[in-house]
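>>> Starting from these lines, generate the structure:
(2 chains)
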Amino acid sequence: MSPEPDGVGALAIGGGGSSTVVAEHLLVAEHRLVLCADDCDRAARRLRPLGAPLPGGAFDATATVAETAAHSLARSADELARLVSALRLAVDAYALADSAVRRSLDALLAPMAGLVGAATRGLMGIVSAPILAALGIAAVGYALLPATSRASFDRSARDGLHHIGARVLDDESTTMIAGLLLPHVDNAVLGALGIPPAVVLRVERMLPSFGGVEAGSVAATAGVAAVLGVAAGARGAGPVEVRRLPPPMKGPPPTAPVGLAARVARIPDADRPVRVEIYRQSNGAERFEVYIAGTANDAPFGGEHPWDHASNIALIAEHDASSLRAVRAALADAGAGPASPVVFTGYSQGGAVATLLAESGEFATAGLVTVGAPTGGMPVTGDYPAVTIGHRDDIITELGGAAGSTQAVLVTADAGPRQEGDGLLASHDLDGYRDTARRADRSEAPLLRDTVAGLPTGGDGRVSIQYTARRRE
Amino acid sequence: MTPPPPPGVASSVGAAASAAVLLEIEARRRTAAAVSLDIGTVDDRLRAIVHDPGWRGAAARAFVDAVERVRPTVNTAGDHVGTLALALEAAAARLRQPGAFGEP
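So this is what the prediction gives:
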């Protein structure tokens, strides 16, 4: 399919109670066929009375024509209804096959991951000495190089790594493999620590879940990583404080966003990672829109900035990450309470924060929009409109694991072709997600269209507040 | 379709009943015109399905062919209904002419 004018290719849409995404054109075709069948059936029923003879037998031929047309339309309605059933059957069969394949692969990979971890441990024991020796020799050789040669070597190495990284990380296959393997990293780690795979599997079965975190899930894997991170001094769940930025001079009040793109466009940069807008509804009550930034990639791990990778690990482990605490504090500062309707919109780490807060029950969640967020292991269960957008070749979205059954509508799309000068993880760029959100707003697929239409609109814009956040010592 | 000449509408049903015939014909013409528009929308939707560039593979082609096969039936019905609307309009025009109901 040729890409859309804005560079976004075909969408795939799923969720709404299932975990399978289906090509948008199938859902749109199904919807159109249903409308066509209904219209033909209704037309046939409207024409039938026109087949009755007119008083005095006038214009009998018109009655015959009406009967013939009604008959043709009734036949067309039946034929179209059969096509709808055939298409639905194909879509359901695809969803069933997709789910079965995923389950089989998971069952296969879990014990293998433990074995691979154990084998790696054994192998490292044998090869670590030669590898260390080779690395030492390489380091000495590098140190002996003239300064100009060293600089040239550095440049070549950096360009090479960038080139390989761009090819590997922004590839759909890499994303798919990551999604399959990540949930089993904990098994591999435990295997590498010397715990026999059989024991790991038995313990997993004895502990089906802990705090909503399934054993063998990415959340469990991240939990292992978080424990290791905390042991290493990371502070992903450390306390934070937020500060209001002074409002811009004589800025107009905010206008309520409509749809997905208008919300994604308001996601702030990580240097002021939270934006809260307040609208007064017609009943006088206030409603809130909160926009949450993605990770600050240059923030030191466990440092002052709460939007760092330490928070990422804590979030994926579904702990009270520092960034989540900051958004909670910002909403409290803006006046949002347990009864306040809040629409959460977030990108990447901000999407994970948005999902966890939307599901927390701490607010009257009125909507959720996430883009490029690692939220596969964070199913939406609440009764509110939720849309999760991810790119097929965005490996960050896979860090949360494959999406389980969720009430959120899942939208996936190609990020569009790489451009000259694109950096690593170009498929994760927020600008690309802004295009995809625009594309999703135009979708005719009923599930997506109705969900977007269910997001709150309107209200008298009161104020837009931007917040900075810092982790306390 | 040219409506057959009314076989002495006025003489067979009387003036009051003829007025009722005219009203009925008008109502039927409006229905036929509305249905004709609906059928046009149906064909637009079916054409959009057929021309969607997202279809790939043999199964998709078979499905698109099946959709394509429905279109002539729908279009023929649409032609019939369009003709019906025109015929009813002509009939109504004829009945509206002075003397159609036998008045002086």
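
>>> Report the buried residues of the top helix by length along chain B.
Among the segments of chain B that qualify as a helix by DSSP state H, the longest is helix B:57-96. By neighbour count on 16 or more other C-beta atoms under 10 Å in any protein chain shown, the buried set for helix B:57-96 is B:60, B:63-64, B:67, B:70-71, B:73-78, B:80-92, B:94-95. To be clear about C-beta, it is placed using only N, CA and C from the backbone, and glycine gets the same treatment.

>>> Over to stretch A:342-362?
Quick answer for stretch A:342-362 (16+ other C-beta under 10 Å): A:342-359, A:362.

>>> Out of these, list just those in helices.
If you go by DSSP H, those have A:349-359 in helices.

>>> give the contact list for the residue nearest to residue A:307 when sequence neighbours are not counted.
Nearest residue to residue A:307, sequence neighbours excluded (C-beta to C-beta, 6 or more residues apart in numbering or on different chains): residue A:296, at 4.4 Å. Residues counted as contacts of residue A:296 (C-beta atoms under 8 Å, 6 or more residues apart in numbering or on different chains) are A:270-271, A:273, A:305, A:307-308.

>>> what do you get if the cut-off is 10 Å, keeping everything else the same?
For residue A:296, the contact set (C-beta atoms under 10 Å, 6 or more residues apart in numbering or on different chains) comprises A:269-271, A:273, A:303, A:305-309, A:311, A:323, A:349.

>>> go on, residue A:431?
A:264, A:415-416.

>>> so it sits in a helix?
Yes: the assignment for residue A:431 is a helix, going by DSSP: H, G, I helix; E, B strand; the rest coil.

>>> pretty sure residue B:51 contacts residue B:71?
No: in this structure, residue B:51 is not within contact of residue B:71 by C-beta atoms under 10 Å, at 11.6 Å.

>>> which residues are common contacts for those two?
When contacts are counted by C-beta under 10 Å, 6+ apart, residue B:51 and residue B:71 have no shared neighbour.

>>> any chance of the ones in helices among the buried residues of stretch A:342-362 in TSV, with pLDDT and distance to chain B too?
Shown next, in TSV, are those (pLDDT from 0 to 100; distance: C-beta to the nearest C-beta, whole Å):
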residue	pLDDT	distance to chain B
A:349	95	33
A:350	97	32
A:351	96	27
A:352	94	31
A:353	96	34
A:354	97	31
A:355	96	30
A:356	94	35
A:357	96	36
A:358	97	32
A:359	95	33
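
>>> Let me have those residues in TSV, extended by distance to residue A:379.
Shown next, in TSV, are those (distance: C-beta to C-beta, whole Å):
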residue	distance to residue A:379
A:349	18
A:350	18
A:351	14
A:352	13
A:353	16
A:354	14
A:355	9
A:356	11
A:357	15
A:358	11
A:359	8
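
>>> dump the residue contacts of the closest residue to chain B within the stretch 301-450 of chain A.
Residue of the stretch 301-450 of chain A nearest chain B, by C-beta to the nearest C-beta: residue A:444 (9.4 Å). Applying C-beta under 10 Å, 6+ apart, we find residue A:444 in contact with A:24-25, A:27-29, A:31-32, B:48.

>>> Which member of those residues is positioned nearest residue A:331?
residue A:24 (33.9 Å; C-beta to C-beta).

>>> Run a quick neighbour tally on the closest one.
Residues lying near residue A:24 (other C-beta atoms under 10 Å in any protein chain shown) number 23.

>>> got the contact list for it?
So residue A:24 contacts A:10-13, A:411-413, A:439-440, A:443-445, A:448, B:52, B:54 (C-beta under 10 Å, 6+ apart).

>>> any idea how far residue B:63 is from the spatially closest residue to it that is not a sequence neighbour?
With C-beta to C-beta, 6+ apart as the criterion, residue A:24 has its nearest non-adjacent residue at 4.2 Å, and that residue is residue A:11. Residue A:11 is 19 Å from residue B:63, where distance means C-beta to C-beta, to the nearest Å.

>>> related to what we said a few turns ago, among the contacts of residue A:24, which one has the lowest pLDDT?
In terms of pLDDT, the weakest of the contacts of residue A:24 is residue A:10, which scores 79.

>>> centroid residue for chain B?
For chain B, the residue sitting closest to the mean C-alpha position, by C-alpha atoms, centre = their mean, is residue B:81 at 1.9 Å.

>>> quick one: buried residues of stretch B:45-57?
B:45-46, B:49-50, B:52, B:55.

>>> what about the strands in the stretch 351-473 of chain A?
A:364-371, A:386-391, A:409-413, A:460-471 (DSSP state E, counting those that start in this stretch).

>>> out of the ones you listed, deepest packed?
Mean neighbour count (mean count of other C-beta atoms under 10 Å in any protein chain shown) peaks for strand A:386-391 among the strands of the stretch 351-473 of chain A, with a mean of 28.

>>> Figure out how far that strand is from the centre of its chain.
Distance of strand A:386-391 from its chain centroid, counting by C-alpha atoms, centre = their mean, to the nearest Å, is 4 Å.

>>> Equivalent analysis for stretch A:258-271, please.
Distance, centroid of stretch A:258-271 to centroid of chain: 15 Å (C-alpha atoms, centre = their mean).

>>> Just the endpoints, please. Distance across it?
Taking C-alpha to C-alpha, to the nearest Å, the first and last residues of stretch A:258-271 lie 26 Å apart.
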